[in-house]
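Student: Need a 3D model of the following:
(2 chains)
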Number of protein chains: 2
Amino acid sequence: MSPEEFRRHGRQVIDWIADYLAGIESQPVMSQVKPGEIRRALPPEPPEEGEPFESVLSDLGRILLPGITHWQHPGFFGYFPSNASGPAILGDLLSSGLGVQGMLWVTSPACTELETVVVDWLAGLLDLPARFRTDAAGGGVIQDSASSACLVALLAGLHRAGSGRVTAEGITRRYTMYVSSQTHSSLEKAARIAGLGAAGVRVVDVDPHTLAMDPGHLRALLDEDAAAGTVPAMVCATVGTTSTTAVDPVAALGAVCRERGIWLHVDAAYAGVAAVCPELRWLNDGVAEYADSYSTNPHKWLLTNFDCAVLWTGDRAPLLGALSILPDYLRNAATSTGSVVDYRNWQVPLGRRFRALKLWSVIRWYGAEGLRAHIREGVRLAQDLASWISADPGFEVREPRPLGLVCFRPVWPGLPADEADRATMRLMELLNASGSMYMTHTKVAGRVLLRMAVGGPATERRHVEQAWEQIRWEHAALAATLP
Amino acid sequence: MSPEEFRRHGRQVIDWIADYLAGIESQPVMSQVKPGEIRRALPPEPPEEGEPFESVLSDLGRILLPGITHWQHPGFFGYFPSNASGPAILGDLLSSGLGVQGMLWVTSPACTELETVVVDWLAGLLDLPARFRTDAAGGGVIQDSASSACLVALLAGLHRAGSGRVTAEGITRRYTMYVSSQTHSSLEKAARIAGLGAAGVRVVDVDPHTLAMDPGHLRALLDEDAAAGTVPAMVCATVGTTSTTAVDPVAALGAVCRERGIWLHVDAAYAGVAAVCPELRWLNDGVAEYADSYSTNPHKWLLTNFDCAVLWTGDRAPLLGALSILPDYLRNAATSTGSVVDYRNWQVPLGRRFRALKLWSVIRWYGAEGLRAHIREGVRLAQDLASWISADPGFEVREPRPLGLVCFRPVWPGLPADEADRATMRLMELLNASGSMYMTHTKVAGRVLLRMAVGGPATERRHVEQAWEQIRWEHAALAATLP
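Tutor: Numbering: from 1, shown residues only, chains lettered A, B, ... in the order given. Just a heads-up that it's a prediction; the model follows:
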């Protein structure tokens, strides 16, 4: 495709996206297709001859769009938000257009240096400790996801715990990692990948009310494991769990880690970016004093489209120790001098997109002020929603709910717990099938809870109000059909 | 940013990219900046208030562009090509614009089903075995990089070798992986990550001429390791090594793996896509009979911008066994029925971009015919270049060089080997500093070789001719200054 053809089709695509975003409310939030429906509508063989670009756009609208669940729809309240925004999309487009590889400093110095600048900017915006800055002993790096960030943290923790032996010799004794029942499943996945196995994952008790990890039980487990001769590689505290946005007591857990020299990673995938607002910085209490590493995802709630997760560490040495290998074909003068950062050594893959461009574009377009306004609006709408639900005797809100996620359940008078849970799931399915809203569920203490995560950039007060009205109405209608 | 603002700024960005691509030859290929220069030109603090999008574009051109090494420049011959193309950039833009998450089928069915279709299409285009198709016991999946694809293959191999015990209990005995000195460094990285350590990586001898892995030595190492009680987790054969595009004898290695039940992964990161051309399918001899998994990167030589690496397996069960975890907040009706694919269980991260869109867009725009023409042009230009170098008594070409990479060295009459190598490196630095071409180097048998990888979509015959003229001229000039 020539530059002039690119210009012409590029405008078509920009128009397609602008029209899509402008008209997104007319789409059902959740795709209504059945398994296999999209696949069957597509040809089983690729075309022998090239086709006009218009065919791609036309099939996108005709065949694929019905199979899309619209994460940018203002009525999307599922999982956590996966914010996209104009400046992020355009920053990412510039990255694709430049088509450079940032694996080494030398393969495109601006790709590395802009990343250094924006992760330092973001550390400042979130008031993270000075030792996370690139000019200190630590530094930040953009990863594709919190899963990868946590895996890298675990590898650094293992490297330190084994004094480098894991990297050299592999796992030759029992290493353990500490999480709670509320920790994201990607941590267990990381432990499996890193060779600890599911058995190396030790599950610390949580407070039954707040669902926060219990530092006393962590200490007890560590004592037990020390007696059994295992080596603790990492404790993962979560700030804003996926299920309910519970916040682990980082300071108390950190004190336990410090006294035993254990790597403390803080997974703040969803909630971390909320610290752009000074009034929400309590979330990170203890991080400055105790965290060896910390990760949060601008691609969830900070207007930067997937993928953009940032991992910081206060000590890059064990991370580089775990992940650096230098074959001849990657040797170069700049790397040899030690005066540059090669981010490939901070991550699993070798290759790297120029992801800093989209985060830079977002921070510049919105400014610190605009980012704070976006987070505050999400929190405000969620808190309003929670207050409406609380005030309705037909529903119960789970407390606490300090951020943009509201967990709640409908009351089904007279139904035993398991039937009530089935009715709650049925209610959710009916609402999601309606096309005007989408939410997901979780389980706490064995009981189903509905999750409404507010924070999409297109979500306004009226969308939350409409969703709540619909939930009430559908609940009443469903309740009337039950025995 | 409103949809209308997006439309306006989107056109500016499309024009910026079209102009950049149209004028790319006026840029020096390799960035000439010094470490820290870009960073110092950027403000140390983020803006408090939002800025106009024009400022982003203006700073991109003014501050960042001098720090870019232009991988899409027709004079870029370094590493391997990292092809971008109009339809790929636009497919990726559509993915950013839709802003959906493909972690589960249910989170956007089209995202999963289009991926199934395009990886099956690509398997057909490359004439890969039927058991790699989704409707068989295997299937394909798009990963971010060959590094990740090889890590996932190793995890599947470990899962099978340990009958699931690695996933459950972790690494509790010695597992080994087999590579050669020519295997990509990401395999050793994968072994470290997976808990085998550098010590678990066994290096099989290569034929000193072809640099292909020696099946006899593999057998000998396996015997030795079996006697020592270690368990072989995976053999990685390479089709087209990074250093010199050497091709391991997959069939002979596969026969050894088969008789011992060892997972055979074939890393064809660069060369695999060349199999779109029937005359190059000899590259994959033995894959159909023996490979348990296979990976190649459309983001290198198949016109699809980074990141897009495809991994196929003939048996998805151990891969899913190693990587599947299902917490309550990801449970859903479609997953429960088992009738859908959830690609999150085929990779390390949970989150997923809609990467299938760009590969779909590329295959449709170019058609099978266009893809073949692109590969053939790269091979033809490289073969012409090699013939010119061969014909010049001032240079030596390394044989074989069957694809788009030509490795060669200048002759420095009278200089001992180490001084000749330094002169060769000096020549490369001078050429790269000229701004009109960029190449990298490797070492074979301790001696420096220059690498010229032809295959960028903008590279025409005249660019290769100019580069060769410049190399000859610069070599003569440098030789004249030597004692």
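
Student: Just to be sure, residue A:25 is in a helix?
Tutor: Yes: assigned with DSSP: H, G, I helix; E, B strand; the rest coil, residue A:25 falls within a helix.

Student: The closest residue to it other than its chain neighbours: what's it in contact with?
Tutor: Among residues not flanking residue A:25 along the chain, residue A:74 sits closest, at 6.4 Å (CB to CB, 6 or more residues apart in numbering or on different chains). Glycine gets a C-beta too; all of them are placed from N, C-alpha and C. By CB atoms under 8 Å, 6 or more residues apart in numbering or on different chains, the contact set of residue A:74 is A:24, A:25, A:456, A:458, A:459, A:460, A:463.

Student: and which of those residues is nearest to residue B:387?
Tutor: Nearest to residue B:387, judged by CB to CB, of the contacts of residue A:74 is residue A:24 at 56.2 Å.

Student: Who are the contact partners of the closest one?
Tutor: Contacts were defined as CB under 8 Å, 6+ apart; by that measure residue A:24 touches A:70, A:72, A:73, A:74, A:458.

Student: all strands of chain A, in order?
Tutor: For chain A, the strands defined by DSSP state E occupy A:139-143, A:175-180, A:201-204, A:231-238, A:263-267, A:293-296, A:309-313, A:395-397, A:405-410, A:440-444, A:447-453.

Student: could you say what helices and strands the last one packs with?
Tutor: Read that as strand A:447-453. Applying 3 or more CB pairs under 8 Å, 6 or more residues apart in numbering or on different chains; DSSP states H and E, one finds that strand A:447-453 contacts helix A:356-391, strand A:405-410, helix A:417-434, strand A:440-444.

Student: ok, now with 10 Å
Tutor: With contacts defined as 3 or more CB pairs under 10 Å, 6 or more residues apart in numbering or on different chains; DSSP states H and E, strand A:447-453 has these neighbours: helix A:356-391, strand A:395-397, strand A:405-410, helix A:417-434, strand A:440-444, helix A:461-481.

Student: Hmm, residue A:342 and residue A:105 touching each other?
Tutor: Yes: using CB atoms under 10 Å, residue A:105 is in contact with residue A:342, at 5.6 Å.

Student: rewinding a little: now tabulate the contacts of residue A:74 in a markdown table and tack on distance to residue B:384 and pLDDT.
Tutor: Formatted as a markdown table, the contacts of residue A:74 follow (distance: CB to CB, whole Å; pLDDT from 0 to 100):
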| residue | distance to residue B:384 | pLDDT |
| --- | --- | --- |
| A:24 | 51 | 97 |
| A:25 | 57 | 96 |
| A:456 | 54 | 96 |
| A:458 | 54 | 96 |
| A:459 | 58 | 97 |
| A:460 | 61 | 97 |
| A:463 | 61 | 98 |
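
Student: Mind splitting chain A into its structural domains?
Tutor: Per automatic domain parsing, the structural domains of chain A span A:1-30+A:69-84+A:367-483, A:100-353.

Student: End to end on the first one, go ahead and measure it.
Tutor: Right, domain A:1-30+A:69-84+A:367-483. Taking CA to CA, to the nearest Å as the measure, domain A:1-30+A:69-84+A:367-483 stretches 64 Å from start to finish.

Student: from the middle of its chain, how far away would it be?
Tutor: The chain centre lies 17 Å from the centre of domain A:1-30+A:69-84+A:367-483; the measure is CA atoms, centre = their mean, to the nearest Å.

Student: Now do the closest residue in space to residue A:316 that isn't next to it in sequence against chain B, distance only.
Tutor: Distance criterion CB to CB, 6+ apart; nearest residue to residue A:316, sequence neighbours excluded, is residue A:139 at 5.2 Å. According to CB to the nearest CB, to the nearest Å, residue A:139 and chain B sit 13 Å apart.

Student: For residue A:139, grab the count of nearby residues.
Tutor: Per other CB atoms under 10 Å in any protein chain shown, the neighbour tally for residue A:139 reads 26.
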